[in-house]
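Student: Task: produce atomic coordinates for the following.
(3 chains)
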Amino acid sequence: MSFSRRNFMIATGVVAASSTVLTACGGSGGGSSSGGDAPKVTGSKTMDIPVGTKADSTGPAPEVAGATKGGTIYSLEQFDMDHLDPAQIYVSTEGAITVPIMRGLTGYKIDEKGGVTLVGDAATDAGTSKDGGKTWSFTLKDGLKWEDGSAVTTDDVRHTFERLFASFITEGPRYVQQWLEGGEKYKGPYDGKSLSSVEVDGKTVTFRLNEPRGDFNYTLAMRGYALVPKKHDTKEKYDKRPFSCGPYKIASRSIGKSLTYTRNPHWDPKTDAIRNNYPDKYVFEFGFQPLAATDRYIADKGNDQYAVPIFNEVAAERIAQVLTNATLKKRVLTQVDTVTYYWPINTTRIKDVKVRQAINWAWPHQQLQTIRGGASTSEIATTILSPVTPGYEKFDLYGTTKKPGGDPAKAKALLKEAGKVGQKLVIAYQQSDNAVKQAVAIKNALEAAGFTVVNKQIDKSTFYTQIGKIDNGYDLFAAGWSPDWPNGYSVFYPCWSGENIGDGRSNYAQLDDTSVNKAINTAATITDSEKANKAWGAVDRQVMELAPVVPDYHSIRNWMYGSKVGNVVYDAGNTCVALCKVYVKK
Amino acid sequence: MPRFLARRVLGALVILLIISAITFWLFYAIPRDPAMMSCGKNCTPENLAQIRRNLGIDEPITFQYWHWLVGVFAGRDYGGYGYCDAPCLGYSFANREPVFGTIMDRLPLTLSLAFGAAVVFLIAGIGAGMIAAVKQGKALDKIASSVSLLGSSLQIYFVGYIAMYFLVAKVGVLSQPSYTPITENPAAWFSGLLLPWLVLSIIFTANYTRMTRSQLVEQLSEDYVRTARAKGLSQWNVFFRFAWRGAMGPIVTVFGIDLGTLIGGAIITESVFSLQGIGRLALQSVDQSDLPMLLGVTLLSAGAIVFFNIAVDAVYALIDPRIRLA
Amino acid sequence: MTSTEQQPFLSVRDLKVHFSTEDGVVKAVDGLSFDLAKGQTLGIVGESGSGKSVTNLTILGLHDRHRTAIDGEILLDGTDLLTSTERQLERLRGNKMAMIFQDALASLSPYHTVGTQISEVYRKHTGASKRESRTRAVEMLRRVGIPQPDIRVDDYPHQFSGGMRQRAMIAMALVCDPELLIADEPTTALDVTVQAQIMDLLKDLQQEFGTAIVFITHDLGVIADIADDVLVMYGGRCVERGTKQEVLRNPQHPYTLGLLSSMPSLEGSVDVPLNPIPGSPPSLLNPPSGCRFHPRCAFAEKVPGGLCSTERPALDVVDGRGSACHLPMDQREEFFADFAGSRHH
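Tutor: Have a look, this model is predicted:
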């Protein structure tokens, strides 16, 4: 049983927190409830998240059909948020729960059909770039107000980005800090100094970057870059009580136990294209294990009828019961995740492409899926990108679809060709019951293909430190990644660019291929999202041809909610339930 | 008595000091870096170093321990997070909340849970044990003994979910487990904790039934109990003032240990019933490598056990005049 | 007093006490009868397991009712104790009849002060106030010779010496001036000086209150000191009874003879070896047939036809004197003299 969110993040394979990584907890954390008879989610539609126009960015948000105002939305969550200072937010639950109270310059708008667009949130549009993406400008909307009625100013915007450099800000994303010109020497605004690369002119804020960033406006949609009022910045203490400029504000908070939002009277719906504000109140309650929460969702009594999930999914113990019961299944939101769990192959140790390909051919995808709990909680992966990450292109280079249990004959032939029959493989994985079972299945499959396998269990508290070392002594290890914003760059640069090799970096395979590096850098500069997406799909295939990794699976999340909650939809931009779209059914 | 207390309290402080030191060193005995927990994707060495500085774990362990210790007795300045008054147990690595405050916030629930369950399992366990002892060898004895045995073999995470499903969700005779401070609404406090009390006490009741029965059976055959009867005292009087008095000692001892353990948190019960007590806090602090919280909770648990040990000795002396406290 | 002359104060008639245990039925007392008049002392002698203690617990009704089958009659001043209810017995215990137990340390409650333990009896039976009963307890302690009784009354038994505990025990038994006192080896655990003091104390008290005393012991020396009549028990049965002089000077049963021989004689030479009875006490679960003493009896073969192992010898009592032995009366003197003679070799 996994009791901790952080522990879980590590356990499932992504260093620190990204939205999706959190999710598989309920699904794959528990054990082997059979998902065999549960419906599969394969072939889920691929996502495209384009940049919207100024009109798209203009409020109010489109009304949800049938929605009415009033009532209270509840939640039965496992953990309270450790951080509410946006600059400290990297974890998806913290991101999701702050959507109703925090606004960034850009954000994701969900339309009536579930389509998602990047639009201006506090800004009038999704920004304009010059110099091939090195200079970005955003203009603040009129009528934006903080919860005390004071106006949101460009000074606040500048302060928001300057304070990212303060020494107490350590947990949020660090992209913008690295890209802003002069950022490497800047120590934050609290000693009176300002950062010259964030320019303010009237209602417009301009960012000067040290490299072209075509997707800078996507980066800014991360919750980590939500606005902070200069006047009410309490520095370290802001983490406990952030100031709102969204439709709701924090009414009360009992840390570790509950968090309550009430309406923010100073918020003007005309300034907001993203958020509806149907419920009067949100009451988030914490301390519910997935199993306890699932049982309460199933029972659907009292306030639980008005509950929506943020982190807690249907518990593994109940997944079969819930998904095979038509009445219960109606109250489940099922969504493939942006995370891909995979097994990087250490390319500094396994240098022969054919050997790496042989591992891919031999991989026992199906057995591993069964051990994880079946097709209701995970979808077999053949690519690095998830089906829901824009840029995803479906391909299958190593016969996974045809032989999901592996093709040892083909693998053996490749090994023979390379003259490497009997190749020794040291496989590292984190200690857990499921991991041990999976390691055995992998060992059997690879040995059938002619490898000699040595399995090494590593304590989960040090797992990522160990595999993150350049000289780690392992050939193959369990890891995973989910993008920080929905495009290929945020997958391929951190994990597959030779520029990102180093201790503690996420290019675990240590792949340093000139043509791949070049392809990543080229795709990163494409500003047209459609073209860029095509380019990233090609990068995916290019990397997979070199076989520095075995894609294992994409997790499937099953969120259950109360019977009196309307319009529970997925926010593909923030990869969570869209809290600002739900309403209380009358 | 005052000398006894002074001596024991002093001893307890020494024990707690040793436990805190051991916990500190054990925490770092396995290669572990709490800073990694706070370091996001693409964790750069500079960022990691900054986090270490912020958490105060860039110093050698001995220094860290010394600063922590000074904080406990004299308070400590945490810069932007504010001054932490003595007894300062530091700030959580995970959410930068004061450890002392968090523990104090969770403690009322754990105390309510522990003492409430204790009332239930003492009444049920001792009651059943007394009946069994009086009705030795008879049907009632056998029923009491087998029911308690059955109870002890059940698991909380099994009984708990079943009980919730039937009693709360299906029949609705009990309310959804929750915690309301007794000062706020005693009725809600009681109804919210009733089910957890009942379920938690299941695993304890059996032990007390067995112990009460065997202690009483033994005491009832003691000479002094026979003497009391020979004096013409009523059976009731003989049972409670003599036999039960003698049987109480070992029960009080075990009760002290149980209560001490429960104050350290009933992890499974708290999890099953979604209650936010010390047990969950302890578990979470382990998972998050949250050293200050872990230390705080460890000290609380150890302190509770040590405290109840002293209390048991004191109570023992009240029960049995042959025991002298010094 | 007059009534007791026609009818004895305590009268036990054909008492049978059988326990059921997992291994079978234990015949702890198997047909016992005796009488005791007021102001008299009956000494009951026997090895451990002979049924003497069980008899007395049964008189007080302290036996385990669920496991014990009782037959016969115990009359105390005309009241049948065996048919009395627990309530009725509670009113008699500690009041009209009291008992002094052997091991005062174990028999006094360690959890209550000596004073409390004495005064609660008094309160229970007289309805006296707390203060009155405390005064009474102090008085009782003074009477049994506890120094500074007004202070020691608040002590716990463990703060008393062994002799003082026994005195306290006696004080507790006598606090309601009982008419029947049963003393179960009250001096066994004590050294000789204290033993003598306590014996004197009992005698004094008896003179003062005219108490009837049943004195249980395995020590014939003590019997010689205190008893008027003697009853010898073996294997749950009475084997011999009579006055102290009769039984000790002129034993009629081989077992009594054996007991006397196994005791050092004050008159005899120190060099004379003691002559313990061979063998061990009988199992009451599976007692020997016939005369229960026959496996250990030096004279069993002298009885023709193996009668000793087949037939229970009758106890014929004439004027309170009797013994249960198949050996013909006229032969006993001769055999016993030989036995005594052999002792001197």
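
Student: Please count neighbours and contacts with C-alpha atoms only from this point.
Tutor: Noted.

Student: isn't there a strand covering A:Tyr341?
Tutor: Yes - under DSSP: H, G, I helix; E, B strand; the rest coil, A:Tyr341 falls within a strand.

Student: May I have the beta-bridge partners of it?
Tutor: Beta bridges link A:Tyr341 to A:Gly480, A:Tyr553, judged by DSSP bridges.

Student: wouldn't it be in contact with A:Ile556 here?
Tutor: No - counting by CA atoms under 8 Å, A:Tyr341 does not reach A:Ile556; the two are 11.6 Å apart.

Student: To which secondary structure element is the residue nearest to A:Leu368 when sequence neighbours are not counted assigned?
Tutor: Excluding its sequence neighbours, the residue lying closest to A:Leu368 (CA to CA, 6 or more residues apart in numbering or on different chains) is A:Gln438, at 5.8 Å. Element membership of A:Gln438 [criterion: DSSP states H and E] is helix A:433-448.

Student: what's that helix in contact with?
Tutor: Helix A:433-448 is touched from outside by A:31, A:359, A:362-364, A:367-368, A:371-372, A:406, A:408, A:429, A:452-455, with contacts defined as CA atoms under 8 Å, 6 or more residues apart in numbering or on different chains.

Student: 6 Å - rerun?
Tutor: With contacts defined as CA atoms under 6 Å, 6 or more residues apart in numbering or on different chains, helix A:433-448 is touched by A:Ala362, A:Leu368, A:Val453.

Student: The first one contacts A:Ala409, correct?
Tutor: Yep, that's A:Ala362 we're talking about. No - contact criterion CA atoms under 6 Å: A:Ala362 and A:Ala409 do not qualify, at 8.2 Å.

Student: more neighbours, those two?
Tutor: Neighbours were counted for A:Ala362 and for A:Ala409 using other CA atoms under 10 Å in any protein chain shown; A:Ala362 has more, 30 against 15.

Student: who's in contact with the more buried one?
Tutor: Residues near A:Ala362 by CA under 6 Å, 6+ apart: A:Gly406, A:Asp407, A:Pro408, A:Ala411, A:Leu446.

Student: At the contact with chain B, which residues of chain C appear?
Tutor: Contact residues (CA under 6 Å from any CA of the partner chain) of chain C with chain B: C:Glu90, C:Arg93, C:Gly94, C:Ala106, C:Ser107, C:Leu108, C:Ser109, C:Tyr111.

Student: so how many other residues sit close to the residue nearest to A:Leu368?
Tutor: For A:Gln438, using other CA under 10 Å, the count is 20.

Student: Any idea how far apart the tips of stretch A:94-114 sit?
Tutor: Start and end residues of stretch A:94-114 are separated by 22 Å (CA to CA, to the nearest Å).

Student: meant to ask about stretch C:305-323, not that
Tutor: This stretch, stretch C:305-323, spans 20 Å end to end (CA to CA).

Student: How about A:Tyr493: what's its closest non-neighbour residue?
Tutor: With CA to CA, 6+ apart, the residue lying closest to A:Tyr493 is A:Ile520, at 6.6 Å.

Student: For the one you found, give me the pLDDT.
Tutor: Looking at A:Ile520, its pLDDT stands at 95.

Student: do the same with C:His344
Tutor: If you check C:His344, the pLDDT there is 46.

Student: ok, and for stretch A:148-163, which residues are buried?
Tutor: If you call a residue buried by 16 or more other CA atoms under 10 Å in any protein chain shown, then stretch A:148-163 has these buried ones: A:151-163.
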